[in-house]
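# Predicted model and sequence below, questions to follow.
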Amino acid sequence: MNNVVIIYTDGACRGNPGPGGWGVTLNYKGATKEMYGAEQLTTNNRMELMAAIQALEVLTKSCLIVLYSDSSYVLKGITDWMPNWKKRGWKTASKTPVKNEDLWRRLDAAISNHQIEWTWVKGHSGNVGNERADTLANLGIDSLT
């Protein structure tokens, strides 16, 4: 798996809504890049989405990717829900607007050039990549003060 980009993403929020952060680690051919950011008033789901978006938008070429996330919301959204949302004009099955549509559209655009294996990892279970992404997301929140 030498030519595969391994990505771990995580979002965090102190209060929901409240100050939130996102964290990302990218590993490729032995090199690691870490990133984080934050927003003053947001939700955990938005930060989980933003982590995946930021990770993918930083890539400059089409890549094979294994992306690990502890967010069922992101993983189900991208693999199960999004195709139907798009068919229905970004409406849910109950014909209401998709929550966080702006970020889902951005994520949809960010995945278009890549082949991605979306992989769920249990949060706070000792997975080194996930724990580091969580630490980075919290550093993002800490950077707000």
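Perfect, thanks for sending it.

# which SS class is residue 26?
Three-state call for residue 26 (DSSP: H, G, I helix; E, B strand; the rest coil): strand.

# ugh, typo on my part, it should be residue 11
Applying three-state DSSP: residue 11 is strand.

# Do I have it right that it meets residue 24?
No. Look at residue 11 against residue 24 with C-beta atoms under 8 Å: they stay out of range, at 10.0 Å. C-beta: built from backbone N, CA, C; applies to glycine.

# anything in contact with each of the two?
Both residue 11 and residue 24 are in contact with residue 51, where contact means C-beta atoms under 8 Å, 6 or more residues apart in numbering.

# Now do stretch 60-67: everything it contacts.
Outside stretch 60-67, the residues that touch it by C-beta under 8 Å, 6+ apart are 1, 3-9, 52, 55-56, 59, 113-119.

# Make sure I have this right: residue 137 is in a helix.
Yes. Counting by three-state DSSP, residue 137 falls inside a helix.

# That one reaches residue 12, doesn't it?
Yes. Between residue 137 and residue 12 there is a contact under C-beta under 8 Å: 3.9 Å.

# shared neighbours of those two, anything?
Jointly contacting residue 137 and residue 12 under the rule C-beta under 8 Å, 6+ apart are 21-23, 47.

# dump the residue contacts of the residue nearest to the spatial centre of the chain.
Among the residues of the chain, the one closest to the centroid is residue 52, at 2.4 Å (C-alpha atoms, centre = their mean). Each residue near residue 52 by C-beta under 8 Å, 6+ apart is listed here: 9, 67, 69, 74, 78, 107, 110.
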